[in-house]
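Novice: Okay, predicted coordinates and the sequence, questions at the end:
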Amino acid sequence: MPVLLLPPVPLAAMTDPGADWLLAQLRDVLDLTGRAALRRLDPAFWQPRPGSVFAAELANTEVDVHGVPWGPQEPTMAFEMAQLSLVAVEDFLTGIRKLLEPPFPPYVPKFGAAALCRSVLETAANAFWMTDPQLTVRQRVARTYLVLWDEHKTAVRNATKAGISEAATAQADLDALLTRIDDLGLGHVKQSVGGQTLSSKTDKVTALLAGEVRAAHDVVYSLYSAVAHGDMTGIMARRLGTGWTITPRQLTEDVEMAVAAVGILQERLCLGGMGSSPREAANWFWKHNAGRRLRAVRDRLA
């Protein structure tokens, strides 16, 4: 019978002599970013500025197939989805921060930060896709219903496995949703609503990170997915020599990616009409303070 080569204890030791300092810097970055995300959850932030793209959508003049005005309810749903996504993002950031707390020497989780970083990327990317300022109100509402349609179909599949009564209820909810889509005049064909199609998670993350100086975003995302899904390639990426560890650079990259996703989403929301201006000072101060700490870490790692 083969002998398993189990890793030595401690399982997640970071042996770098400057680990205390590095972890303290990364915790500061996550604290700054978490507070920034919390500020964006203030209801006042989600009142679009007069004259902005988002404000115009809430005052839209679209009518349904019966000649009844849409009103602000339909466009608001997209922003509510984005707001809920930001709630989750803040929670994931808090999770990463918790993983980096003392006592020392630091027993840093090898996979936890990477898995949570993936969650930040996916959730922020979904909100980023939903709040594209270049969309028309019809396109944004269509994307909202496209997401709901996809999730209702999943609910029907799950309910079918659970029992007949549950499946009937889920199917009725799906039918009502499709009726609403048609009543709005959007229409649904195969996998599209109002001409909009549902992007994959990888495509959304790629679009989110497109403004960053990073190559092959889908490859970067795949590395995080490998960790989260328990793929052997992801697990082996944290194995060095005969032991299991996480390097300071790997951990820093996890934090950098999560922080970058939040910053990009903040800028998009402000550009479209949320907050006090397209280029809010709060974004600049956050970026400066978090960036200064990350630069210090990168300089030391170099």
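Specialist: Thanks, I have the structure now. Residues are numbered from 1 along each chain as shown.
Novice: Could you name the helices and strands sitting against the strand or helix carrying Ala168?
Specialist: Element membership of Ala168, judged by DSSP states H and E, is helix 164-183. Packing partners of helix 164-183 (3 or more C-beta pairs under 8 Å, 6 or more residues apart in numbering; DSSP states H and E): helix 137-162, strand 188-189. C-betas here are computed from N, CA, C, even on glycine.
Novice: run the last query once more with 10 Å
Specialist: Helix 164-183 makes packing contacts with helix 137-162, strand 188-189, strand 192-193 when contacts are defined by 3 or more C-beta pairs under 10 Å, 6 or more residues apart in numbering; DSSP states H and E.
Novice: how far out from the middle of the chain is that helix?
Specialist: Computed by C-alpha atoms, centre = their mean, to the nearest Å, the chain-centroid distance of helix 164-183 equals 28 Å.
Novice: how about that helix: buried residues?
Specialist: By neighbour count with 16 or more other C-beta atoms under 10 Å, helix 164-183 contains the buried residues 167, 170-171, 174, 177-178, 181.
Novice: Lowest-confidence one in those residues?
Specialist: Ranked by pLDDT, these bottom out at Ala167 (86).
Novice: I'd like the distance between that one and Leu148.
Specialist: For Ala167, the distance to Leu148 equals 18 Å [C-beta to C-beta, to the nearest Å].
Novice: what do you get for Met274?
Specialist: Taking C-beta to C-beta, one finds Met274 at 22 Å from Leu148.
Novice: Those two: which is more packed in?
Specialist: Met274 (25 against 18; other C-beta atoms under 10 Å).
Novice: The more buried one belongs to a helix?
Specialist: No: looking at Met274 with DSSP: H, G, I helix; E, B strand; the rest coil, it is coil, so not inside a helix.
Novice: And the helices in the stretch 201-302 of the chain?
Specialist: Secondary structure of the stretch 201-302 of the chain (DSSP state H, counting those that start in this stretch): helices at 201-209, 217-228, 232-236, 248-272, 281-301.
Novice: Run the angle between the first one and helix 248-272 for me.
Specialist: Helix 201-209 and helix 248-272 are oriented at 80 degrees to each other (axes from the mean of the first three to the mean of the last three C-alpha atoms, to 10 degrees).
Novice: count of residues packed around the residue nearest to Val259 when sequence neighbours are not counted?
Specialist: Nearest non-adjacent residue to Val259, counting by C-beta to C-beta, 6 or more residues apart in numbering: Thr33, 5.0 Å away. Neighbourhood size, Thr33 [other C-beta under 10 Å]: 28.
Novice: My read is that Thr33 contacts Met257, right?
Specialist: No: shown here, Thr33 and Met257 do not form a contact pair, counting by C-beta atoms under 10 Å, at 11.7 Å.
Novice: any common contacting residues for these two?
Specialist: Contact criterion C-beta atoms under 10 Å, 6 or more residues apart in numbering; residues shared by Thr33 and Met257: Val120.
Novice: Tell me, how many residues neighbour Cys117?
Specialist: Count around Cys117 with other C-beta under 10 Å applied: 27.
Novice: residue contacts, it?
Specialist: Residues counted as contacts of Cys117 (C-beta under 10 Å, 6+ apart) are 92-93, 95-96, 221, 223-224, 227-228, 253-259, 261.
Novice: how about a cut-off of 7 Å?
Specialist: By C-beta atoms under 7 Å, 6 or more residues apart in numbering, the residues touching Cys117 are 96, 224, 254, 257-258.
Novice: and the two most separated of these?
Specialist: Ile96 and Tyr224 (12.3 Å; C-beta to C-beta).
Novice: re the thing from before, can you list the contacts of Cys117 in a markdown table and add pLDDT?
Specialist: Formatted as a markdown table, the contacts of Cys117 follow (pLDDT from 0 to 100):
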| residue | pLDDT |
| --- | --- |
| Ile96 | 94 |
| Tyr224 | 85 |
| Asp254 | 90 |
| Met257 | 91 |
| Ala258 | 93 |
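Novice: Return a PyMOL selection command for the buried portion of those.
Specialist: Those of the contacts of Cys117 that count as buried under 16+ other C-beta under 10 Å are selected in PyMOL with:
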select buried, resi 96+224+254+257+258
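Novice: for the contacts of Cys117, which one is nearest Met236?
Specialist: Nearest member of the contacts of Cys117 to Met236, counting by C-beta to C-beta, is Tyr224, at 14.7 Å.
Novice: The closest one is in contact with Arg118, isn't it?
Specialist: Yes: counting by C-beta atoms under 7 Å, Tyr224 touches Arg118, with 3.8 Å between them.
Novice: Please consider this matter closed, and thank you.
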